[in-house]
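Asker: 3D model of this:
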Amino acid sequence: MSKRHRDALAISDGAVNISGMAYSLIDACKECFEYNIPLHKDAAVKLIIHQMSFIAEISTGADDWKSVYDNSPMTYHEARMICRRAVSRDDDLRARVLHNLPLTLRPITRAQRTALLRIYNRQQNGDKPLDQTYRQFRKTAHSSFDCVMVPFCGMWLGIEKDGHTHS
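Answerer: All right, here's what the predicted structure looks like:
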């Protein structure tokens, strides 16, 4: 749910491309509709609109935050803090979920899969072929956020996202 919050923080850090901000605003609105969040109360939407009005030179200060729909106007800094907390919560949750997923469910790149197959074939063509299928071999690999580790001939090989393999 934090894509709109990430976009809002990036935009409020100094974006100047109004058309790009408009696309982010549309995406933020769609996300709010998806989660039944009123647009006039969403901090991310307010930050995007604030930056757009600043670039268009129509911002006049604190009065801009007042709204007919919102009797308690949110300040710019409150909106930024809400977005930061949402992004942080989302990052923590993503890290916990990915950490507990088995390799078969974790996203690995095509280059990493190709490297795993290359390692498997190297073992199968060697002196002591494995008595397991490629899928069984792949399940012995351990994935982290930036590499895949696989046991091979008494050592561990690390496979980076681009497929480079290191011992």
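Asker: name the residues of the longest helix along the chain that are buried.
Answerer: The longest helix of the chain (DSSP state H) is helix 76-100. Residues 76, 79-80, 82-84, 86-87 are the ones in helix 76-100 that count as buried (16 or more other CB atoms under 10 Å). Backbone N, C-alpha and C define where each C-beta goes, glycine included.
Asker: repeat for stretch 13-32
Answerer: Judged by neighbour count using 16+ other CB under 10 Å, the buried positions of stretch 13-32 are 15, 21, 24-25, 28-29, 31-32.
Asker: closest one of those to Ile108?
Answerer: Glu31 (27.4 Å; CB to CB).
Asker: distance to His166 and pLDDT added to the buried residues of stretch 13-32, as TSV?
Answerer: Formatted as TSV, those follow (distance: CB to CB, whole Å; pLDDT from 0 to 100):
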residue	distance to His166	pLDDT
Ala15	38	85
Met21	42	89
Ser24	38	90
Leu25	44	90
Ala28	41	90
Cys29	45	89
Glu31	39	89
Cys32	44	88
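Asker: just the strands from the chain, written as ranges.
Answerer: All strands of the chain, identified by DSSP state E, fall at 142-143, 147-152, 155-160, 165-166.
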